[in-house]
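Participant: show me how the following folds:
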Amino acid sequence: MSDNAPTARALARETVRARILAAARARLTEEGPAQLSLRAVARDVGLVSSAVYRYFASRDDLLTALLVADYDELGAAVESAEAPVDRADHLGRWTAACRAIRTWATSHPGDFALLYGSPVPGYVAPQDTIEPASRATHVLVRIVTEVWDDPDEGPSRTGTGPAVGDPARTATAIADAVAYTRQRGFHTDPHPEAVLRLLMAWTTVFGVLSFELFGHAVGSVSDPDAYFDEVVVHLAYDLGLAGR
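Facilitator: As a prediction, this is how the structure comes out:
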């Protein structure tokens with residue numbers, strides 16, 4: 001046996017930890033993130049409440065573990081859906097990634113509420129949730145930024161078209177996003193107009209899902225599947241991922 005192989009005790013601990021996380025995820029769907037209770041989760045897995053603290057020191061620790069697991073699961077789903085698509089097919093890659101986000105969200109509404117719903121009172125997510133939270137978003141950013149300098153296929157450095165607002169105000173408003181795009185290596189010289197449109201597209205994708213999952217689209221959207229696909233394609237055209 002390898003010296004690095006987990007011990008029976010470690011495997012047993014990981015099994016119980018996984019059961020706790022699974023029970024907590026079920027509670028998210030039934031009750032929502034704000035109502036998550038270690039005592040209730042312990043009861044669901046057949047443990048006394050004090051035993052749960054051997055695996056998670058507090059409710060906040062459990063919430064952080066759930067966030068990391070959910071973000072990683074969502075990110076992996078989006079990466080897996082986008083990876084097989086032809087690299088030159090930016091519209092196809094964008095559509096595949098966005099559909100994967102929706103598939104995961106509609107299959108895990110409680111988890112989506114934890115990630116993108118109302119903040120849990122008294123909880124502040126720690127720094128170690130940032131990288132997992134970025135995985136799905138980075139797929140979308142990478143697809144768009146790859147075509148920013150292609151004059152035949154995507155938007156130029158000056159954006160997807162003429163700026164319709166105040167360029168100076170745009171640059172000031174999204175300076176952090178422009179800097180992030182550069183610092184993370186997505187683009188060496190991102191133009192604020194292009195970044196603005198990317199931000200608009202990103203927030204629209206998750207906004208449409210929030211309206212759907214939280215019931216705000218009732219009475220307006222008759223076919224959520226078709227509506228989401230139409231939004232995604234319209235966003236792709238606005239971003240310059242495909243010609244009209």
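
Participant: okay, now G46: neighbour count?
Facilitator: Neighbour count of G46, defined by other C-beta atoms under 10 Å: 9. To be clear about C-beta, it is placed using only N, CA and C from the backbone, and glycine gets the same treatment.

Participant: my bad, D70
Facilitator: 23.

Participant: neighbours of the closest residue in space to it that isn't next to it in sequence, just the number please.
Facilitator: Excluding its sequence neighbours, the residue lying closest to D70 (C-beta to C-beta, 6 or more residues apart in numbering) is D111, at 4.5 Å. Using other C-beta under 10 Å, D111 has 23 neighbouring residues.

Participant: and D111, backbone torsions?
Facilitator: Dihedral pair for D111: phi -70, psi -40, per degrees, to the nearest 10.

Participant: got it, and S58?
Facilitator: phi -160, psi 170.

Participant: need the nearest residue in space to it, chain neighbours excluded.
Facilitator: Nearest non-adjacent residue to S58 (C-beta to C-beta, 6+ apart): L38, at 7.7 Å.

Participant: right, and that neighbour touches A51 too?
Facilitator: No. If you go by C-beta atoms under 8 Å, L38 and A51 don't touch, sitting 10.1 Å apart.

Participant: neighbour count: the two, which is higher?
Facilitator: L38 (21 against 13).

Participant: distance of that one from T15?
Facilitator: 18 Å (C-beta to C-beta, to the nearest Å).

Participant: who's in contact with L36?
Facilitator: Taking C-beta atoms under 8 Å, 6 or more residues apart in numbering, we find L36 in contact with A24, R27, L28, R59, L62, L63, V120.
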